[in-house]
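Asks: Provide a 3D model corresponding to the input given below.
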Amino acid sequence: MRITRLLTVMLGVAGIALGAQLAGAADFDLKLEVDPGITERVSIENAMRGRDFINHVGIYLRFVPKGKESFPVFIDTENYLTCEDSEAKTTVNDVKEVHTHEPTGIKVYAFFFDKPGCAEPVFHLKAVFGDS
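Replies: Take a look at the predicted model:
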């Protein structure tokens, strides 16, 4: 009986700790610096605030085509986060297309980075385009 009660208490404490850690994952603001070559082809919108996933961050951007559909390619060393008080760059780890609205060609991309080390990073965005 005593072991069962002790185990129940330990599992309860572990559950509370895990819940607190997950609740600590929060959205964050960011600044977006877009290469001028991109804005000739698409307009860029924040689909949502940046998302802190505890061990990495995700940034979701909506690409709205200006004219015919375009297919952006993102080079990891040219897409990075910086902090205003540091010159260090956090390059993109992964980019995923998370949604496409076929009738309009609007696409939402998720960019994943290691944590940048500041509360409001600057996202430097550059893309190369291919056409349909």
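
Asks: Can you tell me which helix or strand of this structure has the lowest average pLDDT?
Replies: None of the helices or strands of the chain scores lower by mean pLDDT, DSSP states H and E than helix 2-24, at a mean of 47.

Asks: State the next helix or strand along the chain beyond that helix.
Replies: Moving toward the C-terminus from helix 2-24, the next helix or strand (DSSP states H and E) is strand 27-28.

Asks: packing partners for that following strand?
Replies: Secondary-structure packing of strand 27-28 (3 or more CB pairs under 8 Å, 6 or more residues apart in numbering; DSSP states H and E): strand 50-52. From N, CA and C alone the C-beta is placed, and that goes for glycine too.

Asks: Please enumerate residues in contact with whatever helix or strand comes next after the strand it packs on?
Replies: Using DSSP H and E, the helix or strand that follows strand 50-52 in sequence is strand 57-65. Applying CB atoms under 8 Å, 6 or more residues apart in numbering, the contact partners of strand 57-65 are 28, 30, 32, 41-48, 50-51, 72, 81, 98, 104-116, 123, 125.
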